[in-house]
Structure formats: structure tokens, C-alpha cells
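Engineer: model this:
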Amino acid sequence: MNELKINIYQTYEMTNEMIKTVNTLKNQHWKHSMEEHMEWFRANIGTEDYHILISEKNNLIAYLNLVQVEAWFDEQRYNMLGIGNVCVDKTRGKLGIGTILMSVAKTILKEINTCGIVLCKENRVKFYRECGWKPLDVMKKSVSGRNFEHFVMFYDPTHMIPSNSNTLNFSKDF
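Structural biologist: Just a heads-up that it's a prediction; the model follows:
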């Protein structure tokens, strides 16, 4: 593996070309038109949200975003960062690059003193556990008013959120 370059941006620092490059990488994992990727980005990503980009020889090989979300555990509201679009170039899988992404995300969470949430399917739980994230025990989950049937993992250096709850509702997708 060549030298990797890690860049952290907030949305307002990203150019349209950078966003297109991110969406091209995301399309390896989530097949949508470029316009659909851009529409999702505009609808769900705020100007102050964070983006971690890992490049090798000026080629983007990994990405994730940290999006400001409101979460209601039962009736208690919390502000946190939702970690989304965790992806590594399919030709670079199984090299530990995803673990590096998650490590950088944890560092950001510690630095800004907040917790992070990841929504994932069962086949990704082991990966997130290995990265130091824990599952939440929640009976009913929803994102933007839509029922969510998969897993919720969290990393909470602040120890602010409950580890179990009857309901968990997120204000938006991430």
C-alpha cells in the first residue's frame, strides 16, 4: 500500500468536483444516478457537517460523512453526529482502510465532545464492534419518520446517551 493522505473537510470547504468524486466512489456501493447522489447530498448534508476523505496517489479510495442530527431516545432529545456513507474503493477492501476511517471519526467525536451513531445492517455489526462501537438496545427505531429495521451502533466519549431505550427517532438520514 502506498502512502495514504487523510483530509477532513466541512461541507462549505468542498468544491463541486470533490463532491462528484465522493459520489463516484459511493456509487460503487449504492447504485444511483449522479443526479440522485447529488440530490441526496443537498437534502441531507449541512454546511457544517464533516467529511473524511482518504486518498492514495491523488485518487479517492475511502470516504465517510459525519452529519449533525437530532435523536430522541424515548422523549429525550440529544444532538450528535450520524456517521454515514462509510465506503472504501472495492479494489482496496480488506486492507484496514475502513478501520482508519472509523478511527479518524472517533478522533473527531472526541475533539468536539459529542457522540456518534451508525445505522447498519447485520453484516456490518462485527466491523463496527471491532472499531470500538457498541450496539444500542432499542425496540423501535425510525429515521425521518420511516421505520428502521437494522442495527444502531454508537460511540460515546461523552457518556451522554442511554445504552437502551424503547424508541429512537432520528431527525434526518445520514
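Engineer: quick check: longest helix of the chain.
Structural biologist: Ranked by residue count under DSSP state H, the longest helix found in the chain is helix 97-112.
Engineer: next helix or strand past that one?
Structural biologist: Per DSSP states H and E, helix 97-112 leads on to strand 116-120 as the next helix or strand towards the C-terminus.
Engineer: just to revisit the earlier point, got the contact list for the longest helix of the chain?
Structural biologist: Contacts with helix 97-112, where a contact means C-beta atoms under 8 Å, 6 or more residues apart in numbering, come from 4, 6, 8, 50, 52, 54, 61-64, 66, 81, 83, 86, 88, 115-116, 127-128, 130-133, 155, 157. Every residue, glycine included, has its C-beta placed from N, CA and C.
Engineer: same check, this time on stretch 145-155
Structural biologist: With contact meaning C-beta under 8 Å, 6+ apart, stretch 145-155 is reached by 105-106, 109, 115-122, 124-125, 128-129, 132-136, 138, 140-142, 161, 168, 170.
Engineer: not counting residues beside it along the chain, what's closest to Lys134?
Structural biologist: Phe154 (5.9 Å; C-beta to C-beta, 6 or more residues apart in numbering).
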